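need a structure here:
(one chain, ligands or ions: 1)
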Amino acid sequence: MPQPDAASAEMEREQLHVDRVYERLEATRARARAYEAEGHRRAQFGHEGGLVERDSIVYQAAVWLQRLDAEEEGLVFGRLDFEDGEIQYIGRLGVRDEDYNPLTVDWRAPAAAVFYQATPVDRRDVVRRRTIKSAGRRVTRLDDDLLAPESPAANGLTVIGDGALMAALTRKRGTVMHDIVATIQREQDLAVRSPGDGATLITGGPGTGKTAVALHRAAYLLFNERRRFESGGVLIVGPSRVFTAYVEQVLPSLGEHTAALRSLGELLDGVHASRHDPAPLAAIKGSISMLPILERAVRSAPPGVPDSFRTTYQGNVVQLDRRALDRVRSIVLGRGTPGGGPQPNAQRAHAATALLEAAWERLPRELRDRRRTERAHFDRELRDRTEFDLFIEQWWPYRSPAEVLRGLADGATLRALAGPDLADGQIAALEASWRRDEDAAPDWSVEDVPLLAELDQLLGPVPAEEREPEDPFADAGVMEVSSWVDRNPAARRDATRETYAHVIVDEGQDLSPMQWRVLGRLGRRASWTVVGDPVQSSWPDPEESRLAMELALGDQRRYRHELRTNYRNSAEIYEYAARFAKRAMPDVELPEAVRKTGFPPEEFDDLDAAVRAALGAVEGTVGVITTLAAFDAVSARLAASLEAEPRLVVLTDLDAKGLEYDAAVVLDPDAIAGESPAGLRTLYVALTRATQRLYVVSPD
Ligand SMILES: Nc1ncnc2c1ncn2[C@@H]1O[C@H](COP(=O)(O)OP(=O)(O)OP(=O)(O)O)[C@@H](O)[C@H]1O
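As a prediction, the model looks like this:
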């Protein structure tokens with residue numbers, strides 16, 4: 001063991017290098033700012049090209065600066081000493097000296113892989129791997145791994161510290177996730193660096209770093225194939241808004257700002273759902289058997305449209321009754337294919353033509369036979385009548401997904417559309433979930449979003465000329481309000497693209513078939529990364545969810561990775577939780593938790609006592625996890641503590657997905673296990689949220 005002064009001397013030596021890297025970073029930033037200023041100067045040239053050029057230069061400079069602004073702390077976090085005496089530093093960014101020699105290698109560059117992947121067995125000429133921890137720009141700690149103690153090159157190398165990973169894992173948790181760039185483990189790194197094509201499927205138990213890997217992978221892909229992924233777009237989908245809020249700092253801390261992060265309740269523009277339906281209802285809405293019902297809803301006459309058409313032509317009365325009108329509608333919409341076929345919102349003009357054709361057929365034969373030009377005259381005359389236009393508008397209204405879905409709140413309509421596809425109880429549950437007062441604002445659940453997205457696809461967009469202009473700049477002919485760069489990041493965050501170049505799905509095991517359809521469309525040209533754990537699935541039948549995923553991913557090549565170490569839970573906590581996983585899925589292989597704390601989970605029968613114990617035991621966050629049914633009551637009961645302790649939160653077992661707390665209080669495990677068909681797996685999720693201490697409360 002080296003003396004403390006040996007460690008200080010080593011730290012001082014590393015500090016010299018770190019200082020030099022920051023100096024060079026400052027110089028690069030100054031260049032980026034000069035470039036930006038140059039862009040602004042171009043605009044003064046006065047011609048239109050000057051503006052475009054300015055926007056482009058300013059934009060590129062802004063992106064450059066954003067990347068240089070990756071988290072300052074720990075800019076240099078790794079060092080490798082090789083067999084031949086070469087030294088290589090690893091950093092959040094690649095930084096070079098004046099002669100273009102690397103001072104740090106970007107962690108995502110191929111050359112940095114060895115930092116994460118070298119082991120004593122496969123050491124790739126590495127003798128010592130050093131992790132450098134800093135506070136701000138100051139080096140505070142070194143942790144070394146000597147991979148080749150017997151190598152002559154190891155002589156004279158000081159070895160310090162006892163494991164960067166353990167230090168990282170035992171830190172107290174805050175309200176947001178941190179990047180793990182300095183301590184990514186070998187099996188994780190192999191998943192991060194999986195090829196950018198095809199579909200990378202990463203499985204692993206709770207706490208194995210799946211979310212962390214997914215986010216670092218986004219940064220890796222953007223770094224290595226920037227043109228393709230930045231222009232095509234990277235979408236990251238997480239289970240809830242609580243979850244996206246928890247992870248949203250990770251990519252910016254790695255200097256990446258362009259990936260879109262969305263929760264499952266936000267996959268359709270303009271909808272921000274965070275409320276979940278109870279499990280049985282969620283199972284109905286998520287099932288693929290909703291699809292034919294939505295298709296029929298879109299193809300049938302909207303409620304309240306006129307049920308007859310009457311006009312006169314040259315003294316003849318022409319009348320089409322409801323059946324005739326329905327026939328015209330079905331001719332226009334054709335039979336279609338599942339999820340395809342003509343979109344009614346795009347078919348109004350076609351519908352008018354088909355209606356004229358049907359009306360023409362009702363005229364007396366002599367008139368129709370008289371002259372070939374008669375038909376053209378008939379069409380022109382009817383189209384010129386305001387009443388015809390009005391009829392078309394009423395009979396073929398442009399419909400929004402929300403209108404159609406709300407229309408299904410009428411039990412009789414839903415029953416007629418569902419036919420044998422839904423049982424009476426299911427119809428009643430759906431009807432109750434969508435029924436609202438006429439002018440109440442919609443309150444969509446997360447499970448409604450894929451239905452709305454499906455309807456959006458089935459209905460098609462309202463033609464541009466019929467839409468209100470949305471873009472305040474579109475009609476004004478003015479471009480000079482602010483630069484394109486100023487406006488664009490916000491615009492990009494707010495609108496979902498039609499397709500993405502890469503889609504990353506976290507907690508993939510939980511997606512319903514209907515949710516997979518939405519993602520399948522957004523990712524129809526994408527390569528994929530899907531991370532998940534079937535044992536944590538809240539979907540009644542994990543196999544059905546898996547098949548829906550396979551359909552969405554199509555026949556692209558698969559790259560599979562499995563993560564086997566649980567870095568979150570203490571061994572004591574995980575041992576307790578794993579019993580439930582074994583009960584739910586006896587044959588499944590579970591990860592190993594390696595960190596012992598000496599604190600086994602504690603059982604309580606009183607919630608307040610458990611919460612007090614948790615708050616007293618840890619300095620960091622405490623999560624109280626309850627069923628959806630008990631959530632409001634528990635929040636009310638703990639209101640005073642919640643007010644006094646910002647580090648305390650109450651959340652439902654579904655919202656707990658993907659999150660972690662230093663201490664978790666799991667309330668009423670039997671109720672959690674009994675709340676849904678996936679109950680035991682949901683309980684397993686709840687029990688695996690704690691990093692340090694677990695309290696299980698079974699009320700009397
Ligand atoms: N290599 C690592 N170095 C430091 N911390 C790590 C490492 N791998 C994982 N962790 C930490 O372990 C915790 C669990 O990681 P993460 O949330 O990514 O796991 P997960 O597999 O997504 O879990 P779950 O399936 O339960 O949601 C996080 O705090 C993460 O920062």
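
contacts only, for residue 242.
By C-beta atoms under 8 Å, 6 or more residues apart in numbering, the residues touching residue 242 are 274, 651, 655, 659. C-beta: built from backbone N, CA, C; applies to glycine.

and the residue of the stretch 601-700 of the chain closest to the ligand?
Closest approach between the stretch 601-700 of the chain and the ligand, counting by C-beta to the nearest ligand atom: residue 658, at 4.2 Å.

in a strand, that residue, correct?
No - assessed with DSSP: H, G, I helix; E, B strand; the rest coil, residue 658 is coil; it does not lie in a strand.

just the buried ones from the contacts of residue 242?
Among the contacts of residue 242, those classed as buried by 16 or more other C-beta atoms under 10 Å are 651, 655, 659.

show me what the strand or helix carrying residue 388 is packed against.
Taking DSSP states H and E as the criterion, residue 388 maps to helix 386-395. The contact analysis (3 or more C-beta pairs under 8 Å, 6 or more residues apart in numbering; DSSP states H and E) places helix 386-395 against strand 309-313, helix 348-361.

residues of that helix that come out buried?
Neighbour counts using 16+ other C-beta under 10 Å place 388, 391, 392, 395 of helix 386-395 among the buried residues.

wait, the first one sits on residue 380?
Right, the one you point to is residue 388. No - Residue 388 is beyond contact range of residue 380, at 10.9 Å (criterion: C-beta atoms under 8 Å).

how much space separates the closest residue to the ligand within the stretch 251-400 of the chain from residue 418?
The nearest approach of the stretch 251-400 of the chain to the ligand comes at residue 253, 12.1 Å away (C-beta to the nearest ligand atom). The gap separating residue 253 from residue 418 is 48 Å, by C-beta to C-beta, to the nearest Å.

residues near the residue in the stretch 401-550 of the chain positioned nearest to the ligand, how many?
Closest contact between the stretch 401-550 of the chain and the ligand, by C-beta to the nearest ligand atom, is at residue 533 (5.2 Å). As a burial measure, residue 533 scores 28 neighbours (other C-beta atoms under 10 Å).

what helices and strands are in contact with the longest helix belonging to the chain?
Longest among the helix segments of the chain by residue count, using DSSP state H, is helix 4-42. When contacts are defined as 3+ C-beta pairs under 8 Å, 6+ apart, helix 4-42 sits against helix 48-68, strand 76-82, strand 87-91, strand 95-96, strand 102-106, strand 126-135, strand 138-146.

put together a markdown table for the ones you listed, with mean pLDDT, mean neighbour count and distance to the ligand on each row.
Shown next, in a markdown table, are those (pLDDT from 0 to 100; neighbours: other C-beta atoms under 10 Å; distance: least, C-beta to the nearest ligand atom, whole Å):
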| stretch | mean pLDDT | mean neighbour count | distance to the ligand |
| --- | --- | --- | --- |
| helix 48-68 | 69 | 17 | 23 |
| strand 76-82 | 96 | 22 | 12 |
| strand 87-91 | 96 | 21 | 14 |
| strand 95-96 | 91 | 18 | 23 |
| strand 102-106 | 95 | 21 | 18 |
| strand 126-135 | 93 | 22 | 10 |
| strand 138-146 | 91 | 18 | 12 |
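
a markdown table for the ones you listed, including distance to residue 594?
Listed next are the helices and strands packed on helix 4-42 as a markdown table, based on distance: least, C-beta to C-beta, whole Å:
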| stretch | distance to residue 594 |
| --- | --- |
| helix 48-68 | 35 |
| strand 76-82 | 22 |
| strand 87-91 | 24 |
| strand 95-96 | 34 |
| strand 102-106 | 29 |
| strand 126-135 | 18 |
| strand 138-146 | 16 |
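
residue 278 is nearest to which of the ones you listed?
helix 48-68 (42.6 Å; C-beta to C-beta).

what about stretch 308-320, start to end distance?
Using C-alpha to C-alpha, to the nearest Å, the end-to-end distance of stretch 308-320 comes to 6 Å.

show me the contact partners of that stretch.
321-322, 324-325, 328, 355, 358-359, 362-364, 367, 378, 381-382, 385, 387-388, 391, 395.

just the buried members of these?
Buried by 16+ other C-beta under 10 Å: 324-325, 328, 355, 358-359, 362-363, 378, 382, 388, 391, 395, out of the contacts of stretch 308-320.

among the residues you listed, which pair sits farthest apart?
363 and 395, at 19.8 Å, using C-beta to C-beta across the buried ones among the contacts of stretch 308-320.

what residues does this structure put near the ligand?
The chain comes close to the ligand at residues 165, 168-169, 180, 183-185, 188, 204, 206-212, 533, 536, 567-568, 658, 660, 688, as judged by C-beta under 6 Å from any ligand atom.

if we can go back for a sec, JSON lines for the helices and strands packed on helix 386-395, including mean pLDDT?
Formatted as JSON lines, the helices and strands packed on helix 386-395 follow (pLDDT from 0 to 100):
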{"stretch": "strand 309-313", "mean pLDDT": "92"}
{"stretch": "helix 348-361", "mean pLDDT": "92"}
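
what's the most buried one of those?
Comparing the helices and strands packed on helix 386-395 by mean neighbour count (mean count of other C-beta atoms under 10 Å), helix 348-361 ranks first with a mean of 17.

by contact count, what packs against that one?
Helix 348-361 sits against strand 309-313, strand 316-320, helix 322-333, helix 372-384, helix 386-395, with contacts defined as 3+ C-beta pairs under 8 Å, 6+ apart.

switch to 7 Å and redo it
strand 316-320, helix 322-333, helix 372-384, helix 386-395 (3 or more C-beta pairs under 7 Å, 6 or more residues apart in numbering; DSSP states H and E).

which other residues reach it?
Contact with helix 348-361 is made by 309, 311, 318, 320, 324, 328, 331-332, 368, 375, 378-379, 382, 392, 396, as judged by C-beta atoms under 7 Å, 6 or more residues apart in numbering.

ok, back up a step: ok, and what's touching the helix holding residue 388?
305, 306, 309, 325, 348, 351, 352, 382.

looking at this protein, which helix or strand is least sure?
None of the helices or strands of the chain scores lower by mean pLDDT, DSSP states H and E than helix 484-494, at a mean of 41.

after it, next one along is what?
On the C-terminal side of helix 484-494, the nearest following helix or strand under DSSP H and E is strand 502-505.

tell me the strands beside that following strand, with direction?
Strand pairing for strand 502-505, determined by DSSP bridges: strand 234-238 (parallel), strand 527-532 (parallel).

give me the distance from the last one to the chain's centre.
Which is strand 527-532. 11 Å (C-alpha atoms, centre = their mean, to the nearest Å).

so what's the residue nearest to the spatial centre of the chain up against?
In the chain, the C-alpha nearest the mean C-alpha coordinate belongs to residue 237, at 1.1 Å (C-alpha atoms, centre = their mean). Neighbour list for residue 237: 262, 264, 503, 504, 505, 506, 519 [criterion: C-beta under 7 Å, 6+ apart].

let me know whether the fifth one touches residue 522 as I believe.
No - the pair residue 505 / residue 522 is not scored as a contact, 10.4 Å apart, by C-beta atoms under 7 Å.

so for these two, which sits in the more crowded spot?
In this view residue 505 and residue 522 are compared by other C-beta under 10 Å, and residue 505 has more residues nearby, 28 against 22.

beta partners of the more buried one?
Taking DSSP bridges as the rule, residue 505 bridges to residue 237, residue 530.

list the residues that contact residue 509.
Contacts of residue 509 by C-beta under 7 Å, 6+ apart are 532, 533, 534, 536, 537, 542, 545.

which parts of the stretch 101-250 of the chain are helices?
Applying DSSP state H, counting those that start in this stretch to the stretch 101-250 of the chain gives helices spanning 113-117, 164-170, 186-192, 210-224, 226-232, 241-247, 250-253.

and those, which one is worst for confidence?
Least confidently modelled of those is helix 164-170, at a mean of 78 by mean pLDDT.

may I see the buried residues of stretch 23-36?
By neighbour count on 16+ other C-beta under 10 Å, the buried set for stretch 23-36 is 24, 25, 28, 32, 35, 36.
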